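Trainee: Sequence first, then the predicted structure:
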Amino acid sequence: MNKEVLRIFFLFVALFGAALLFSTGIQRPILSLTNSIKSSYHNTTAAIGKHYDEHFAQRDSIIELREKLALYEESHLLLHQVATELNALFVENNSSFKVNPDVTLVRTISYVKFGDINKVWIDTPAFNASKVYGLVHKENVAGIVIMKEGRAMALLNGASNSSYAVYVGEDNAPGIVHGLNTKELLVEFIPTWINIKVGDEVFTSGLDNLFFPGLKVGKVISIEQSQGYQNAVIKPYYNASNPDYFHLIKKIR
């Protein structure tokens, strides 16, 4: 009798687990609840940690260094864009433009779906739901951000529908990159008449209006020919295994 009860219990657990894994209808309310709990947890732990640092360590020094670090991370990203634009200005000589970027720090709340590390909900101020935004972790491209179900969803580099414009190598071979698997990305539609090689750097072109030009994406590890174009498999610099804080690029100029 006891064995029969145990069999029924484990069968129920297995069926519930399968339904939870494959049914978005069941996942959605659970994720919504856990996201609210996680957001409150993050806010509470951050407040406790900040309070502890300020009162049990060197309060003034920690506050000053924290502010300088946040300012440095954002300023470093903006200065990278300004330097790239100024170099282009010198080349063009007569070019004129207005530099007015808009970058904001955002935080990860949770994964969108259990088992998929390439899609996360992020906590960010309201933005235009019809637009796509670039996402950066330090100096490396992390993915893009879209609006999904009324919330900001980050499609990290490994997601197949996370795509943006890039250059490959010293000759700036243009291409479009998107996720290939959890460890590699694929750059497609590279013209065959432009020479690229294994080890070439891949960086953003800025032609899609999502990223500043010159942000690092990864390095070429293999090349193949495909219907009149070249494709390059690249190893990305950003590792999506531990998503935490990012910079969201709301406007590049």
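Mentor: Okay, I see it. Residues are numbered from 1 along each chain as shown.

Trainee: L155: neighbour count?
Mentor: Other residues lying near L155 total 24 when counted by other CB atoms under 10 Å. Placement of C-beta: from N, CA and C, glycine included.

Trainee: give the contact list for it.
Mentor: Counting by CB atoms under 8 Å, 6 or more residues apart in numbering, L155 makes contact with N118, K119, G143, I144, V145, I146, N161, S162.

Trainee: who's it bridged to?
Mentor: As for beta bridges, L155 partners with K119, I144 under DSSP bridges.

Trainee: how much space between it and T192?
Mentor: L155 is 29 Å from T192, where distance means CB to CB, to the nearest Å.

Trainee: Could you do R151 as well?
Mentor: From R151 to T192 the distance is 41 Å (CB to CB).

Trainee: neighbour count winner among the two?
Mentor: Ranked by neighbour count (other CB under 10 Å), R151 and T192 place R151 first, with 16 against 12.

Trainee: Skipping its backbone neighbours, what lies nearest the more buried one in space?
Mentor: With CB to CB, 6 or more residues apart in numbering as the criterion, R151 has its nearest non-adjacent residue at 5.9 Å, and that residue is W121.

Trainee: and the one you found, helix, strand or coil?
Mentor: Following DSSP: H, G, I helix; E, B strand; the rest coil, we place W121 in the strand state.

Trainee: For it, give me its contacts.
Mentor: N35, T108, I109, S110, Y111, V112, R151, A152, M153, A154.

Trainee: Columns distance to F211 on top of these, output as a markdown table?
Mentor: Formatted as a markdown table, those follow (distance: CB to CB, whole Å):
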| residue | distance to F211 |
| --- | --- |
| N35 | 27 |
| T108 | 19 |
| I109 | 23 |
| S110 | 25 |
| Y111 | 24 |
| V112 | 22 |
| R151 | 22 |
| A152 | 17 |
| M153 | 18 |
| A154 | 14 |
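
Trainee: Could you list the low-pLDDT ranges of the stretch 101-250 of the chain?
Mentor: Scanning the stretch 101-250 of the chain for pLDDT under 70 picks out 101.

Trainee: which residues of this structure fall in helices?
Mentor: 2-22, 24-56, 59-92 (DSSP state H).

Trainee: Just the mean pLDDT for the longest one, thanks.
Mentor: Along helix 59-92, the predicted local confidence has a mean pLDDT of 65.

Trainee: Alright, that wraps it up for me.
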